[in-house]
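Peer 1: Sharing a model that was predicted from the sequence below.
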Amino acid sequence: MTSFWSGKRVRLRGIEPDDWIAFMRFAVDEERLGDLLQPPRSAEGFRTWAKEQAAAKSDGDCFVLAIEAVGTGKIVGSVGSHHADPRAGWFEYGVTVGAEHRGKGYAAEAVVMVLRFMFAERRYHKCQARIFAHNEASLALHRRLGFVEEGRLRDHVFFAGRHHDLVLMGMLADEFAELHSMSEHLDRPSTTPRT
């Protein structure tokens, strides 16, 4: 059987200490594209962060995974769940893909894998995403995946010298199941010979 975490375009995996260079590039992309403005971080800061992530114990519901392109083995982004309320049944996630890797379907496939895991395996009922209103590409991606806009927080975040709206998007587990297979990894033929 093929790994649950491998798709046609991407493989999701834990962060390794040597991944720090890719994550440093993603931070530069985020700033350049106007997503976030943070104080500069040293290379050593990224190295330390990657080492900590590689050694971090997962709680199962909150995690960060590297998105690796199947064809090249190169890290193209990251995806993960960063807030989860198991009692109420909702979680919030985020995804980022490096500027040079956008528009290739990597984010969509990675997000579907994470949603499938959280809905089918962890039994969550709802996923939430917070997206900057000026990020049209991310809003379009989430709409294509089946998310619906649930609200807009006006002038909610401040960066790059001004306030920005934040769009709240959500998807329920049954809405996901209508659009995406809950067990696609089980439906694919195995590429590994059985012994």
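Peer 2: That came through, no problem.
Peer 1: from here on, contacts and neighbour counts on C-alpha atoms
Peer 2: Fine.
Peer 1: part of a helix, is Leu139?
Peer 2: Yes. Judged by DSSP: H, G, I helix; E, B strand; the rest coil, Leu139 forms part of a helix.
Peer 1: Help me confirm that it comes into contact with Ile131.
Peer 2: Yes. Using C-alpha atoms under 8 Å, Leu139 makes contact with Ile131 at a distance of 6.9 Å.
Peer 1: the strands in the protein, which residues?
Peer 2: Using DSSP state E, the strands of the chain run over 10-13, 63-69, 75-85, 90-97, 126-132, 148-159, 162-172.
Peer 1: where in the chain is pLDDT low?
Peer 2: 1-2, 31-37, 184-195 (pLDDT under 70).
Peer 1: Any chance of CSV for the strands of the chain, columns mean neighbour count?
Peer 2: Output for the strands of the chain, formatted as CSV (neighbours: other C-alpha atoms under 10 Å):
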stretch, mean neighbour count
strand 10-13, 23
strand 63-69, 22
strand 75-85, 20
strand 90-97, 20
strand 126-132, 21
strand 148-159, 13
strand 162-172, 18
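Peer 1: got these as a markdown table, with distance to Arg41 columns?
Peer 2: Shown next, in a markdown table, are those (distance: least, C-alpha to C-alpha, whole Å):
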| stretch | distance to Arg41 |
| --- | --- |
| strand 10-13 | 24 |
| strand 63-69 | 19 |
| strand 75-85 | 18 |
| strand 90-97 | 18 |
| strand 126-132 | 23 |
| strand 148-159 | 17 |
| strand 162-172 | 22 |
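Peer 1: between those, which gets nearest to Gln38?
Peer 2: Distance to Gln38, taken as C-alpha to C-alpha, is lowest for strand 148-159 among the strands of the chain, at 8.8 Å.
Peer 1: Adjacent strands (with direction) for the closest one?
Peer 2: strand 162-172 (antiparallel) (DSSP bridges).
Peer 1: chain center to the strand it pairs with, what's the gap?
Peer 2: A distance of 16 Å separates the centroid of the chain from that of strand 162-172, by C-alpha atoms, centre = their mean, to the nearest Å.
Peer 1: what does that strand contact?
Peer 2: Strand 162-172 has contacts (C-alpha atoms under 8 Å, 6 or more residues apart in numbering) with 125-134, 142, 146-158.
Peer 1: let's go with 10 Å and repeat that
Peer 2: 90-92, 115, 119, 124-135, 139, 142-143, 145-158 (C-alpha atoms under 10 Å, 6 or more residues apart in numbering).
Peer 1: Thanks a lot, see you next time.
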